[in-house]
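1. 3D, please:
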Amino acid sequence: MNQQTANEQVTAAFPRPPSAGPVVILGAGLVGLPTGLVFALAGYQVRLVETDPPRCDSVPSRLTDLLDFLVTHGLVEHATAHMAMPRIAVSDTLEDVLSPAGVTPAALIEAVFEDLELKRSVLAAAERSLSPEVVMCSVTSGLSITALSGGLQHPERFCGAHFWNPPHLIPLVEVIYGARTADRTVAALCTMLEYVGKRPVVVRRDVPGFIGNRLLHALQKEAMAVVASGVASAADVDLVVTQGFGRRLGVVGPLAVCDLAGLDLVLDVDAYLLRDLDRSADPSPLLTSLVEQGKLGVKTLEGFYQWTQEEVAGTIARRDAALIRALRADRAEQAQPAESSH
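-> Take a look at the predicted model:
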């Protein structure tokens, strides 16, 4: 299949180990910490900044757990994990990381709480200690990249870098242009991400939710509408996805599915189906009602489902096991050309 893609990037120069400066990551939470580990495993020195004392103190133990997980499942060699751990340091202040003279970071990645004003403030403070050539990015899952860059002196060196959770198991990263992002910034970050084993996809326009979350939330909204209208239970809706069309989405994307089905057939179905889908511009009334009742999902052990802690752990374990199988399959496929050339 000849894939036409908007992700064609010219390979760009970028700082790489061992001569590169550290990758600075602001925030050591669910995304920041494993993202740092991804870079450390590729040979980079990583400097985490975490201002929350308990979270800062827990970085060594959380890193150990992550590395043990990766080694246990055969995704990282023990020797590689052993070398990665000393490459990561954590501080509770930005000044400790950015003040040393003569040290130019390879990149700065903002991964603090998903709040526009907080992110803008953190990015502006960090930029004051950076030379203009250092690429800066935010791991936001949907906030405007243009708005985030509003307080920067050099917005041309800033872009989005949406790592999907969990970052150590999902290869894709959405790299998003802001209104003033330079092409060289996106090219350099994409090349750097490829170097550490990621699959960057370029989002050329700064739209809410980028690509992935627009698709995901459209699906979730219709799933809620199906449940709210009494068509099916939440469990059956999820089953249709996980045991039905979701099985093929990991191999063939929605637009390729259209081509395989025939665009004339897709048009015929759309002509009668789309008018019956949920087209409201507001959040689902079912979702709103659940939140108002304090039913927040696994946080409160009740949402669309009733949960126990054991069920939460089991669901996450099953999810991670599937992601691990997919990663192994990716690596096996990538190794085939190299093996066949010998």
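2. Which residue ranges of the stretch 101-250 of the chain form strands?
-> Ranges of strands within the stretch 101-250 of the chain are 107-110, 136-138, 158-163, 172-176, 199-203, based on DSSP state E, counting those that start in this stretch.
3. Give me the nearest residue to His162, chain neighbours excluded.
-> Glu174 (4.0 Å; CB to CB, 6 or more residues apart in numbering). (C-beta placed from N, C-alpha, C; glycine too.)
4. what's the angle between the longest helix belonging to the chain and strand 199-203?
-> Longest helix of the chain, by residue count under DSSP state H: helix 309-340. Between helix 309-340 and strand 199-203, the angle comes out at 100 degrees (axes from the mean of the first three to the mean of the last three CA atoms, to 10 degrees).
5. Pull out the buried positions in helix 309-340.
-> Leu323, Ile324, Leu327 (16 or more other CB atoms under 10 Å).
6. As CSV, the strands of the stretch 101-250 of the chain with mean neighbour count would be great.
-> As requested, the strands of the stretch 101-250 of the chain are exported to CSV (neighbours: other CB atoms under 10 Å):
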stretch, mean neighbour count
strand 107-110, 25
strand 136-138, 27
strand 158-163, 26
strand 172-176, 23
strand 199-203, 19
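7. So what touches whatever helix or strand Asp264 lives in?
-> Using DSSP states H and E, Asp264 falls within helix 263-273. Defining contact as CB atoms under 8 Å, 6 or more residues apart in numbering, one finds that helix 263-273 is touched by Cys258.
8. and Gly197, how many neighbours?
-> Neighbour count for Gly197, taken as other CB atoms under 10 Å: 14.
9. Over to Val71?
-> Val71 has 16 neighbouring residues, counting by other CB under 10 Å.
10. Am I right that it sits in a helix?
-> Yes. Counting by DSSP: H, G, I helix; E, B strand; the rest coil, one finds Val71 located in a helix.
11. how about stretch 223-242: buried residues?
-> Buried, per 16+ other CB under 10 Å, within stretch 223-242: Ala223, Met224, Ala225, Val226, Val227, Val237, Asp238.
12. And for stretch 40-59?
-> By neighbour count on 16+ other CB under 10 Å, the buried set for stretch 40-59 is 40-50, 55-56, 58-59.
13. ok, so of these, who is nearest Thr300?
-> Using CB to CB, Arg55 comes nearest to Thr300 of those, at 21.6 Å.
14. now the closest one, what's its secondary structure?
-> helix.
15. Use 349 as the first number for this chain going forward.
-> Noted, 349 is the first residue going forward, which turns the last one into Arg403.
16. Good, we can wrap up now.
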